[in-house]
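In: 3D, please:
(one chain, ligands or ions: 1)
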Amino acid sequence: MKIFNTKLQDVKIIETPVFGDNRGFFTESYNKEKFSEIGITNDFIQDNHSLSVEVGTLRGMHYQLSPKAQTKLVRCTTGVIYDVLVDMRKGSPTYGQWEGYLLSEYNHRQLLVPKGFAHGFCTLTPDVNIQYKVDELYSPEHDRGIAYDDPSIGIEWPMNATVLSEKDKNHPNLKDAENNFVWGEV
Ligand SMILES: Cc1cn([C@H]2C[C@H](O)[C@@H](COP(=O)(O)OP(=O)(O)O[C@H]3O[C@H](C)C(=O)[C@H](O)[C@H]3O)O2)c(=O)[nH]c1=O
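Out: Residues are numbered from 1 along each chain as shown. The predicted model follows:
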(Lines give C-alpha, C1' and ligand atoms only; values in the text may rest on other atoms or scores of the structure.)
Protein backbone atom coordinates (compact mmCIF):
# COMPACT_ATOMS: atom_id res chain seq x y z
CA MET A 1 0.00 0.00 0.00
CA LYS A 2 1.43 3.39 -1.00
CA ILE A 3 0.28 6.87 0.04
CA PHE A 4 1.55 10.08 -1.54
CA ASN A 5 1.28 13.73 -0.54
CA THR A 6 0.13 16.26 -3.13
CA LYS A 7 0.53 19.99 -3.68
CA LEU A 8 -2.70 20.54 -1.74
CA GLN A 9 -2.46 20.32 2.06
CA ASP A 10 -4.01 17.03 3.37
CA VAL A 11 -4.95 15.66 -0.07
CA LYS A 12 -3.49 12.16 -0.59
CA ILE A 13 -3.08 9.69 -3.44
CA ILE A 14 -3.37 6.02 -2.44
CA GLU A 15 -2.24 2.98 -4.43
CA THR A 16 -3.37 -0.46 -3.23
CA PRO A 17 -1.43 -3.63 -4.20
CA VAL A 18 -2.69 -5.08 -7.49
CA PHE A 19 -2.34 -8.85 -8.07
CA GLY A 20 -2.31 -9.60 -11.78
CA ASP A 21 -2.52 -13.00 -13.40
CA ASN A 22 -3.61 -14.59 -16.67
CA ARG A 23 -7.28 -13.89 -15.74
CA GLY A 24 -6.81 -10.18 -15.01
CA PHE A 25 -6.22 -8.63 -11.58
CA PHE A 26 -7.38 -8.49 -7.96
CA THR A 27 -6.97 -5.63 -5.52
CA GLU A 28 -8.41 -4.85 -2.11
CA SER A 29 -9.74 -1.42 -3.05
CA TYR A 30 -10.56 -0.69 0.60
CA ASN A 31 -9.49 -2.39 3.85
CA LYS A 32 -10.36 -0.52 7.04
CA GLU A 33 -7.39 -1.88 8.99
CA LYS A 34 -4.80 -1.30 6.25
CA PHE A 35 -6.15 2.18 5.46
CA SER A 36 -6.05 3.02 9.20
CA GLU A 37 -2.38 2.00 9.25
CA ILE A 38 -1.66 4.78 6.69
CA GLY A 39 -3.72 7.30 8.63
CA ILE A 40 -7.06 7.06 6.85
CA THR A 41 -9.42 6.33 9.75
CA ASN A 42 -12.62 7.90 8.40
CA ASP A 43 -15.85 6.07 9.09
CA PHE A 44 -17.10 5.81 5.50
CA ILE A 45 -20.87 5.32 5.64
CA GLN A 46 -22.01 5.72 2.02
CA ASP A 47 -20.76 4.34 -1.31
CA ASN A 48 -21.47 6.28 -4.50
CA HIS A 49 -21.24 5.19 -8.13
CA SER A 50 -21.69 7.34 -11.22
CA LEU A 51 -21.50 6.54 -14.93
CA SER A 52 -20.58 9.26 -17.40
CA VAL A 53 -21.19 8.09 -20.97
CA GLU A 54 -19.72 10.87 -23.10
CA VAL A 55 -16.09 11.95 -23.32
CA GLY A 56 -15.89 15.51 -21.98
CA THR A 57 -18.54 15.03 -19.31
CA LEU A 58 -17.77 17.37 -16.40
CA ARG A 59 -19.26 16.91 -12.93
CA GLY A 60 -18.31 19.59 -10.40
CA MET A 61 -17.18 21.50 -8.56
CA HIS A 62 -19.16 20.12 -5.63
CA TYR A 63 -19.02 20.10 -1.84
CA GLN A 64 -21.36 19.86 1.17
CA LEU A 65 -21.29 22.57 3.83
CA SER A 66 -20.43 21.75 7.43
CA PRO A 67 -21.72 20.01 9.45
CA LYS A 68 -22.38 17.67 6.49
CA ALA A 69 -19.02 18.21 4.81
CA GLN A 70 -17.76 14.97 3.28
CA THR A 71 -14.39 13.30 3.11
CA LYS A 72 -14.32 11.31 -0.16
CA LEU A 73 -12.25 8.33 -1.27
CA VAL A 74 -12.53 8.37 -5.06
CA ARG A 75 -11.52 5.81 -7.67
CA CYS A 76 -12.17 5.35 -11.38
CA THR A 77 -13.01 1.77 -12.31
CA THR A 78 -13.57 2.15 -16.05
CA GLY A 79 -11.93 4.69 -18.31
CA VAL A 80 -9.87 7.72 -17.36
CA ILE A 81 -10.77 10.94 -15.53
CA TYR A 82 -9.00 14.16 -14.75
CA ASP A 83 -10.03 14.68 -11.14
CA VAL A 84 -9.72 18.22 -9.73
CA LEU A 85 -9.83 19.59 -6.18
CA VAL A 86 -10.03 23.19 -4.94
CA ASP A 87 -9.05 24.02 -1.35
CA MET A 88 -11.91 26.12 0.13
CA ARG A 89 -10.65 26.09 3.75
CA LYS A 90 -10.11 29.63 4.97
CA GLY A 91 -6.62 29.89 6.50
CA SER A 92 -5.24 26.87 4.66
CA PRO A 93 -1.76 27.33 3.15
CA THR A 94 -3.27 26.15 -0.14
CA TYR A 95 -6.58 28.07 0.07
CA GLY A 96 -8.02 28.81 -3.38
CA GLN A 97 -5.47 26.56 -5.06
CA TRP A 98 -6.38 23.66 -7.36
CA GLU A 99 -4.66 20.50 -8.53
CA GLY A 100 -5.63 17.81 -11.03
CA TYR A 101 -4.99 14.07 -10.83
CA LEU A 102 -5.34 11.32 -13.44
CA LEU A 103 -7.40 8.47 -12.02
CA SER A 104 -8.07 5.46 -14.21
CA GLU A 105 -8.91 1.78 -14.41
CA TYR A 106 -5.27 1.33 -15.35
CA ASN A 107 -3.39 3.14 -12.57
CA HIS A 108 -5.77 2.00 -9.79
CA ARG A 109 -5.04 5.27 -8.02
CA GLN A 110 -7.43 6.55 -5.37
CA LEU A 111 -7.81 10.15 -4.23
CA LEU A 112 -8.51 11.14 -0.63
CA VAL A 113 -10.57 14.35 -0.72
CA PRO A 114 -10.65 16.01 2.72
CA LYS A 115 -13.63 17.98 4.02
CA GLY A 116 -13.52 21.56 2.78
CA PHE A 117 -12.51 20.80 -0.78
CA ALA A 118 -14.61 21.29 -3.89
CA HIS A 119 -14.42 18.17 -6.05
CA GLY A 120 -15.02 17.62 -9.74
CA PHE A 121 -13.77 15.69 -12.73
CA CYS A 122 -13.95 15.53 -16.49
CA THR A 123 -13.94 12.31 -18.47
CA LEU A 124 -11.19 11.57 -20.96
CA THR A 125 -12.78 8.36 -22.26
CA PRO A 126 -16.37 7.18 -22.91
CA ASP A 127 -18.33 5.14 -20.35
CA VAL A 128 -16.47 6.24 -17.23
CA ASN A 129 -17.51 4.62 -13.95
CA ILE A 130 -16.35 6.18 -10.71
CA GLN A 131 -16.96 4.77 -7.27
CA TYR A 132 -16.35 6.72 -4.10
CA LYS A 133 -16.86 6.43 -0.36
CA VAL A 134 -18.03 9.33 1.79
CA ASP A 135 -18.08 9.76 5.58
CA GLU A 136 -21.22 11.91 5.73
CA LEU A 137 -24.57 11.11 4.15
CA TYR A 138 -25.85 13.06 1.16
CA SER A 139 -27.64 16.21 2.29
CA PRO A 140 -29.31 18.21 -0.50
CA GLU A 141 -29.73 21.13 1.92
CA HIS A 142 -25.95 21.32 2.34
CA ASP A 143 -25.04 20.54 -1.29
CA ARG A 144 -23.16 23.43 -2.93
CA GLY A 145 -20.91 24.09 -5.91
CA ILE A 146 -18.42 26.54 -7.35
CA ALA A 147 -17.87 27.28 -11.02
CA TYR A 148 -15.57 24.83 -12.79
CA ASP A 149 -14.37 27.75 -14.94
CA ASP A 150 -13.90 30.35 -12.19
CA PRO A 151 -11.12 32.60 -13.58
CA SER A 152 -9.85 33.35 -10.05
CA ILE A 153 -9.02 29.66 -9.63
CA GLY A 154 -7.89 29.04 -13.21
CA ILE A 155 -8.38 25.28 -13.47
CA GLU A 156 -6.65 24.04 -16.63
CA TRP A 157 -9.02 21.31 -17.86
CA PRO A 158 -7.43 18.99 -20.43
CA MET A 159 -10.46 19.27 -22.70
CA ASN A 160 -13.56 21.38 -23.18
CA ALA A 161 -16.52 20.36 -21.07
CA THR A 162 -19.19 19.19 -23.53
CA VAL A 163 -21.69 17.56 -21.16
CA LEU A 164 -22.72 19.33 -17.95
CA SER A 165 -25.80 19.32 -15.74
CA GLU A 166 -27.81 22.56 -15.65
CA LYS A 167 -26.71 22.88 -12.04
CA ASP A 168 -23.04 22.70 -13.00
CA LYS A 169 -23.47 25.44 -15.60
CA ASN A 170 -24.60 27.92 -12.94
CA HIS A 171 -22.43 27.70 -9.82
CA PRO A 172 -21.01 30.92 -8.31
CA ASN A 173 -17.34 31.76 -8.36
CA LEU A 174 -15.32 30.95 -5.24
CA LYS A 175 -15.49 34.52 -3.86
CA ASP A 176 -19.31 34.52 -4.01
CA ALA A 177 -19.86 30.95 -2.82
CA GLU A 178 -21.25 29.96 0.57
CA ASN A 179 -18.27 28.70 2.54
CA ASN A 180 -18.13 27.80 6.23
CA PHE A 181 -14.84 25.87 6.08
CA VAL A 182 -12.00 26.98 8.38
CA TRP A 183 -8.70 25.11 8.10
CA GLY A 184 -8.05 23.09 11.24
CA GLU A 185 -11.76 23.07 12.13
CA VAL A 186 -13.16 21.08 9.18
C1 LIG B 1 -24.34 13.13 -4.78
C2 LIG B 1 -25.65 12.43 -4.64
C3 LIG B 1 -26.68 12.62 -5.55
N4 LIG B 1 -27.87 11.97 -5.39
C5 LIG B 1 -28.92 12.17 -6.39
C6 LIG B 1 -29.34 13.62 -6.59
C7 LIG B 1 -29.70 13.70 -8.05
O8 LIG B 1 -31.07 13.32 -8.23
C9 LIG B 1 -28.82 12.64 -8.71
C10 LIG B 1 -27.61 13.23 -9.40
O11 LIG B 1 -26.96 14.08 -8.47
P12 LIG B 1 -25.82 15.06 -8.95
O13 LIG B 1 -26.21 15.71 -10.23
O14 LIG B 1 -25.46 15.94 -7.76
O15 LIG B 1 -24.63 14.03 -9.23
P16 LIG B 1 -23.12 14.44 -9.55
O17 LIG B 1 -23.06 15.59 -10.49
O18 LIG B 1 -22.42 13.19 -9.91
O19 LIG B 1 -22.57 14.96 -8.14
C20 LIG B 1 -21.47 14.35 -7.48
O21 LIG B 1 -20.34 14.63 -8.25
C22 LIG B 1 -19.24 15.26 -7.63
C23 LIG B 1 -18.01 14.92 -8.45
C24 LIG B 1 -19.05 14.96 -6.20
O25 LIG B 1 -17.94 14.95 -5.67
C26 LIG B 1 -20.24 14.76 -5.35
O27 LIG B 1 -20.16 13.52 -4.70
C28 LIG B 1 -21.52 14.84 -6.06
O29 LIG B 1 -21.91 16.20 -6.02
O30 LIG B 1 -28.39 11.77 -7.65
C31 LIG B 1 -28.11 11.12 -4.32
O32 LIG B 1 -29.22 10.56 -4.19
N33 LIG B 1 -27.11 10.92 -3.40
C34 LIG B 1 -25.89 11.54 -3.52
O35 LIG B 1 -25.00 11.31 -2.67
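In: Confirm that Lys133 sits in a helix.
Out: No. Counting by DSSP: H, G, I helix; E, B strand; the rest coil, one finds Lys133 to be strand, located in no helix.
In: Assign a three-state SS to the nearest residue to it once chain neighbours are set aside, would you?
Out: In this structure, Lys133 finds its nearest non-sequential neighbour in Phe44, 3.8 Å apart by C-beta to C-beta, 6 or more residues apart in numbering. (Glycine included, C-beta is placed from N, CA and C.) For Phe44, the reduced secondary structure class is coil; criterion used: three-state DSSP.
In: Pull the contacting residues for Phe44.
Out: Contact partners of Phe44, counting by C-beta atoms under 8 Å, 6 or more residues apart in numbering, are 30, 71, 73, 133-135.
In: hmm, try it at 10 Å
Out: Taking C-beta atoms under 10 Å, 6 or more residues apart in numbering as the definition of contact, the neighbours of Phe44 are 30, 32, 35, 70-73, 132-136.
In: how near is the residue of the chain most remote from its centre to the ligand?
Out: Using C-alpha atoms, centre = their mean, the residue of the chain lying farthest from its centre is Asn22. It sits 32.0 Å away. With distances defined as C-beta to the nearest ligand atom, to the nearest Å, the gap from Asn22 to the ligand amounts to 35 Å.
In: give me the number of residues near Leu164?
Out: The burial metric for Leu164, expressed as a neighbour count using other C-beta atoms under 10 Å, is 16.
In: my bad, should have said Arg89
Out: Quick note: Arg89 (other C-beta under 10 Å) scores 24 neighbours.
In: Touching, it and Phe181? I think so.
Out: Yes. With the criterion set as C-beta atoms under 10 Å, Arg89 and Phe181 qualify as a contacting pair; they are 4.5 Å apart.
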